[in-house]
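Novice: no sequence on hand, only this structure:
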């Protein structure tokens, strides 16, 4: 099959999953081993559901699938271990670039702050930090773009899709009610 | 007559027509903007539209699906960056054409060919699905089980990646789908005695994580990629060009419909296979493939849009998704209390004809938006990734939270996003995971039904498979996938077809 060169061996599609076929990327073997160990643990857990009680037991399919996972994962470990290491890639540059780590931390932070702080302040903080970090433009640009897009997103989702996000410290409902009253008052 | 009225639903309700239009418009841009994919958009959208009625929600999703499959071609041609996976093959010849100053022709041909392909796909869907669903009523539980296994395996075997990794991904998906209380006996499975695990893992969280956050994290490596501006000339292609490539487009549309209709495999795989087919059958292209051959645009673009109609066939008739997007739509129908499968076609044929109508409408909108709005397009596509990536992440979080108003889902989503990031780096396909999650329940239920009806006897179970032509065919197909990965296959192929085939 035609195999177009993907920019960074990172799969954008199932037709061309990432990775490198004939070589081992940094960290690939470690990942395969983790998957194999996790599969073994899940198989043990699946055995605990109903054991070998009956073919139709609730544990039958979980045992079959985790067994398939384990077999596939072990085969992948063996195959990967035999491959030569890829040249020109390092773990810190290609798999864990600083940007990816920064964003992983930012995302986790967002998850932690969302409930107590509420959607608007947390999102504003997230967007400002993230856009400033990536674009390296002035604070004015960052703030305008962040707040502007946040307002658009909030309007679309709150009003068109009626999605309720945690309000937190921001008196969102009062805010909407204020405008509602204002428009009704004008009528 | 009822069917015809249902088919016309979209046209007689301005708000539905508008939603399909808005969806298609958004789809063209979502597909075109690198880093935003249709699968991502549809999975995020489910969580936003679940409070809507089912028809508007489906209208919007169908528009996005149809527009998105097409939209990826634009950036593939103009920037050499496929905006969506289904446009990977389009870049191979589209970009050389653009470099030569023929971007307008390339976009025009692509649009018209996508339209033709889309129609063929929808036509086959409308004609074939009622028969398939009649036939599906005779399916035994074991046939459903085999189909589900086939669907999970096909992606791994038809793509250029490793089947082993495909199997792992599919099995993982099935296991994720099994987490929580077993619906039949209420036994806990994979809950590790944690109460948050009891209700299972929200498949929307898995999907948004894998297709939204992991993609956004990968895009971080391409933040500073500069885009190249292209001049765009005449867009509407001449009738002569279209007529000349009609025979090829029929062949590649057929490939598209078939690949689309196979469980699990969608437009991205169809496009690459059609491109390979075009390379084989085109004897004297005006320009060599890879250097701006029009055939290299016709093939993938007809195939990927034909695959859209194709993918709905197993989804509507069997409840088995034809690709990742239809997998998500099955999830959406579940949320709206509908149960896709042969009974849906019997009980609510209107739903089917409504979807066909919406697809046709979306196809027309796609043609309209495809041949217009180029100037606006170049502006939107040049949206800097430094803004786009944080926004995708934000939308992913909002989407994951919105379904159940639960922060736990956000953590699952992030977890699967990080996990998907590594999977993509190391060549594990993500489609089978989603398929596995969606098909897990179907596989489990049907296996248990099948084995109970055979009185828990594996011998009788296999006897049943061997004596039913359908089960046997499916079983052989599953076996063939495994055999095709072993050396026996290439040895046998070389023996059968002689040296020439063996080499290719």
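Specialist: Arrived safely, thanks for sending. All values derive from a computational prediction rather than experimental measurement.

Novice: make it CA atoms for all contacts and neighbour counts henceforth
Specialist: Fine.

Novice: chain B: strands as residue ranges?
Specialist: Using DSSP state E, the strands of chain B run over residues B:180-181, B:188-189.

Novice: with respect to burial, which of those strands scores highest?
Specialist: Most buried of the strands of chain B, by mean neighbour count (mean count of other C-alpha atoms under 10 Å in any protein chain shown): strand B:188-189, with a mean of 22.

Novice: just to revisit the earlier point, now render the strands of chain B as JSON lines, adding distance to chain A and mean pLDDT.
Specialist: Putting the strands of chain B into JSON lines (distance: least, C-alpha to the nearest C-alpha, whole Å; pLDDT from 0 to 100) gives the following:
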{"stretch": "strand B:180-181", "distance to chain A": "10", "mean pLDDT": "88"}
{"stretch": "strand B:188-189", "distance to chain A": "6", "mean pLDDT": "88"}
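
Novice: Throw those into TSV and include distance to residue A:81, thanks.
Specialist: Putting the strands of chain B into TSV (distance: least, C-alpha to C-alpha, whole Å) gives the following:
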stretch	distance to residue A:81
strand B:180-181	35
strand B:188-189	33
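
Novice: and the pLDDT at residue B:449?
Specialist: The model reports residue B:449 with a pLDDT of 90.

Novice: that one: neighbour count?
Specialist: Residues lying near residue B:449 (other C-alpha atoms under 10 Å in any protein chain shown) number 18.

Novice: which neighbouring elements make contact with the biggest helix by length in chain B?
Specialist: In chain B, ranked by residue count with DSSP state H as the criterion, the top helix is helix B:103-136. Secondary-structure packing of helix B:103-136 (3 or more C-alpha pairs under 8 Å, 6 or more residues apart in numbering or on different chains; DSSP states H and E): helix B:54-79, helix B:88-99, helix B:239-244, helix B:246-261, helix B:295-318, helix B:342-347, helix B:349-370.

Novice: residue contacts, residue B:454?
Specialist: Neighbour list for residue B:454: B:460-461 [criterion: C-alpha atoms under 8 Å, 6 or more residues apart in numbering or on different chains].

Novice: got a pLDDT number for it?
Specialist: Predicted confidence (pLDDT) for residue B:454: 88.

Novice: circling back: any idea of the mean pLDDT in the longest helix of chain B?
Specialist: For helix B:103-136, mean pLDDT is 90.

Novice: what's the closest non-adjacent residue to residue B:9?
Specialist: Nearest residue to residue B:9 in three dimensions, chain neighbours excluded: residue B:354, at 6.3 Å (C-alpha to C-alpha, 6 or more residues apart in numbering or on different chains).

Novice: so that neighbour touches residue B:8, yeah?
Specialist: Yes - with contact defined as C-alpha atoms under 8 Å, residue B:354 counts as touching residue B:8 (7.2 Å).

Novice: who has more neighbours, those two?
Specialist: More crowded of residue B:354 and residue B:8, by other C-alpha under 10 Å: residue B:354, with 23 against 16.

Novice: got a list of what that one touches?
Specialist: When contacts are counted by C-alpha under 8 Å, 6+ apart, residue B:354 touches B:6-10.

Novice: show me the shaky parts of the chain.
Specialist: No chain specified, so I'll use chain A. A:1-16, A:160-161, A:185-187 (pLDDT under 70).

Novice: wait, I meant chain B there
Specialist: B:1, B:34-36, B:81, B:83, B:160, B:224-234, B:378-381, B:497-504.

Novice: which bits of the stretch 1-150 of chain B sit near chain A?
Specialist: B:48-49, B:51, B:85, B:88-89, B:92 (C-alpha under 8 Å from any C-alpha of the partner chain).

Novice: which pair in these spans the largest distance?
Specialist: B:51 and B:92 (41.7 Å; C-alpha to C-alpha).

Novice: now stretch A:105-119: buried residues?
Specialist: A:106-107, A:110-111, A:113-115, A:117-119 (16 or more other C-alpha atoms under 10 Å in any protein chain shown).

Novice: ok, of those residues, which one's closest to residue A:97?
Specialist: Using C-alpha to C-alpha, residue A:106 is the member of the buried residues of stretch A:105-119 that lies nearest residue A:97, at 14.4 Å.

Novice: my guess is that closest one meets residue A:126, correct?
Specialist: Yes - using C-alpha under 8 Å, residue A:106 is in contact with residue A:126, at 7.0 Å.

Novice: next, count neighbours for the closest residue to residue B:150 other than its chain neighbours.
Specialist: Sequence neighbours aside, residue B:478 is the residue nearest to residue B:150 in space, at 5.7 Å (criterion: C-alpha to C-alpha, 6+ apart). Using other C-alpha under 10 Å, residue B:478 is surrounded by 18 other residues.

Novice: correct me, but residue B:478 touches residue B:148?
Specialist: No - using C-alpha under 8 Å as the test, residue B:478 is too far from residue B:148 to be in contact (10.2 Å).

Novice: distance of the nearest residue to residue A:27 once chain neighbours are set aside relative to residue A:74?
Specialist: Nearest residue to residue A:27, sequence neighbours excluded (C-alpha to C-alpha, 6+ apart): residue A:91, at 6.5 Å. Distance, residue A:91 to residue A:74, using C-alpha to C-alpha, to the nearest Å: 22 Å.

Novice: the more surrounded of those two?
Specialist: Ranked by neighbour count (other C-alpha under 10 Å), residue A:91 and residue A:74 place residue A:74 first, with 20 against 12.

Novice: my guess is that one contacts residue A:36, does it?
Specialist: Yes - between residue A:74 and residue A:36 there is a contact at 5.8 Å, judged by C-alpha under 8 Å.

Novice: what about residue B:448, distance to residue A:56?
Specialist: Distance, residue B:448 to residue A:56, by C-alpha to C-alpha: 5 Å.

Novice: likewise residue B:11?
Specialist: 48 Å.

Novice: likewise residue B:38?
Specialist: Distance of residue B:38 to residue A:56, given as C-alpha to C-alpha: 38 Å.

Novice: the more surrounded of the two?
Specialist: Using other C-alpha under 10 Å as the criterion, residue B:38 and residue A:56 rank with residue B:38 on top: 31 against 19.

Novice: show me the contacts for the more buried one.
Specialist: Contact partners of residue B:38, counting by C-alpha under 8 Å, 6+ apart, are B:27, B:30-31, B:64-65, B:68-69, B:84, B:325.
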